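Novice: only geometry, no sequence info:
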């Protein structure tokens, strides 16, 4: 179970890290009436940071599964 969740977290983290604009379109854009609004620089930075955290948690879940 930890392995599957770890892989899911890593995939989500990679999407957040590599392309935060796609993550914005999936998660936040439906809230805006005007679809031409782009994410702010702070949103991009915080999404990339969150992606790093997701990758770390995913790797930790996989490592814990194999160590314990």
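Specialist: Done, it's in. Keep in mind that what you see is a predicted model, and the values were worked out from it rather than measured.

Novice: Just want the phi and psi numbers for the closest residue to residue 28 other than its chain neighbours.
Specialist: Excluding the flanking residues, the one nearest residue 28 by CB to CB, 6 or more residues apart in numbering is residue 39, at 7.2 Å. For glycine as for every other residue, the C-beta is placed from the backbone atoms N, C-alpha and C. In terms of degrees, to the nearest 10, the main-chain angles of residue 39 are phi -70, psi 150.

Novice: Residue 39 reaches residue 26, doesn't it?
Specialist: No - here residue 39 lies out of contact with residue 26, judged by CB atoms under 8 Å, at a distance of 11.7 Å.

Novice: Which one of these two is surrounded by more residues?
Specialist: residue 39 (16 against 10; other CB atoms under 10 Å).

Novice: what helix or strand is residue 4 on?
Specialist: Assigned by DSSP states H and E, residue 4 belongs to helix 2-18.

Novice: helices or strands up against that helix?
Specialist: helix 20-27, helix 41-67 (3 or more CB pairs under 8 Å, 6 or more residues apart in numbering; DSSP states H and E).

Novice: Averaged over its residues, which helix or strand of the protein has the lowest pLDDT?
Specialist: Every helix and strand in the chain was compared by mean pLDDT, DSSP states H and E; the lowest is helix 20-27, with a mean of 89.

Novice: And the contacts of that helix?
Specialist: Identification of contacts with helix 20-27 by CB atoms under 8 Å, 6 or more residues apart in numbering yields 15-16, 38-39, 43-44, 47-48, 51.

Novice: hmm, try it at 7 Å
Specialist: Here helix 20-27 makes contact (CB atoms under 7 Å, 6 or more residues apart in numbering) with 15-16, 39, 43-44, 47-48.

Novice: That helix: how far from the chain's middle?
Specialist: On the basis of CA atoms, centre = their mean, to the nearest Å, helix 20-27 sits 9 Å off its chain's mean C-alpha point.

Novice: Only the buried residues of it, if you could.
Specialist: Within helix 20-27, the residues that count as buried by 16 or more other CB atoms under 10 Å are 20, 23-24.
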